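[1] I would like the atomic coordinates for the input below:
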Amino acid sequence: MDSDLIIARIDDTVNICQRTNKPKFLGFLSCEEAVLVQKYLEKRDLSFGFGGGYENPQRVLLGCFPEWMDYEEYPITAVTFKFRKSDSLGHRDVLGSLMALGIKRESVGDILIDEGRAIVFVIKDIAEFVITQTEKIGRVGVTAELGYTGQLPKQSALAEFTDTIASARLDCVVSAVASLSRGAAAEKITAGLVCVNSVVCEKITHNVNNGDIITVRGKGKFILSSIDGKTRKNRVILQYKKYI
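    From the prediction side, this is the model:
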């Protein structure tokens, strides 16, 4: 989603919440979009949060809440698709089937798949429609039911790393997280192969911040946990996480 469009929709969500004095939601948002939203809303005087239907989701719903609310509840539910263990389905198969029903991407959260089942987190309003309209995903026959039982399928893990860099410039950070020389990192940046919070950044001197999500084409996605520390030699201590 375009960053200007996200900002416009955030403003609409906040204004409706404040005008009606009722909770208002926006999403689902990618990790990059959620970082952009959080940084924007931290400047506003309101209560907000993010929910994805389970712990540590990658796609989240933004919730804006009036002052009188002392809890945060998100209109998210899970739908489980069951199929034969001998069949194979992937994330794209499930998402493609939902999109074919006319469902918007922002109505679908994380899709978790393991042997014989796929668990999809969706906006509650569309859950019944998804269940009644989905008999096949691709060529694979499925049965659909509300909610899920047992443990969730294994998700992508985050590995934590620490490094030291000369400065918080983007080329220094990309060099460290992607294991590239400074020159190679600069080439990727100027070629438009690096995104900061889902936006392509071609400026090697761009300074990154805590919480930024860096995507390097062909190298992966990285979350910058901290760039505040300094060594005795005045180098920046970079702490980051990588999706593995």
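
[2] residues making contact with stretch 124-141?
    With CB atoms under 8 Å, 6 or more residues apart in numbering as the test, stretch 124-141 has contacts from 75-77, 79, 81, 83-84, 87-89, 93-94, 96-98, 101, 103, 107, 118, 120, 122, 142, 144-146. C-betas here are computed from N, CA, C, even on glycine.

[3] Just the ones of those in helices?
    Of the contacts of stretch 124-141, the ones assigned to helices by DSSP state H are 93-94, 96-98.

[4] would you list every one of the helices in this protein?
    Assigned by DSSP H, the chain shows helices spanning 3-20, 31-41, 91-100, 124-133, 170-177, 182-190.

[5] just those helices: most buried one?
    helix 170-177 (a mean of 24; mean count of other CB atoms under 10 Å).

[6] From the contact counts, what lies against it?
    With contacts taken as 3 or more CB pairs under 8 Å, 6 or more residues apart in numbering; DSSP states H and E, helix 170-177 sits against strand 158-165, helix 182-190, strand 194-196, strand 213-216, strand 220-230, strand 236-243.

[7] State the mean pLDDT of the longest one.
    If I follow you right, that is strand 220-230. Summarised as a single mean, pLDDT over strand 220-230 is 91.

[8] Going by neighbour count, list what's buried in it.
    Residues 221-225, 227 are the ones in strand 220-230 that count as buried (16 or more other CB atoms under 10 Å).

[9] Of those, which pair is most distant in space?
    The span of the buried residues of strand 220-230, defined through CB to CB, is set by Lys221 and Ile227 at 16.9 Å.

[10] I'd guessed Val196 sits against Arg169; true?
    No. Val196 sits out of contact with Arg169 when judged by CB atoms under 8 Å, with a separation of 11.8 Å.

[11] Residues contacting stretch 93-100, please?
    Contacts of stretch 93-100 (CB under 8 Å, 6+ apart): 81, 105, 108, 111, 113, 118, 120, 130, 134, 136-138, 140.

[12] what do you get if the cut-off is 6 Å, keeping everything else the same?
    108, 111, 118, 137-138 (CB atoms under 6 Å, 6 or more residues apart in numbering).

[13] Columns pLDDT, neighbour count and distance to Val216 on top of those, output as JSON lines?
    Listed next are the contacts of stretch 93-100 as JSON lines, based on pLDDT from 0 to 100; neighbours: other CB atoms under 10 Å; distance: CB to CB, whole Å:
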{"residue": "Val108", "pLDDT": "97", "neighbour count": "22", "distance to Val216": "26"}
{"residue": "Ile111", "pLDDT": "95", "neighbour count": "22", "distance to Val216": "24"}
{"residue": "Ala118", "pLDDT": "96", "neighbour count": "25", "distance to Val216": "29"}
{"residue": "Ile137", "pLDDT": "96", "neighbour count": "22", "distance to Val216": "32"}
{"residue": "Gly138", "pLDDT": "91", "neighbour count": "15", "distance to Val216": "31"}
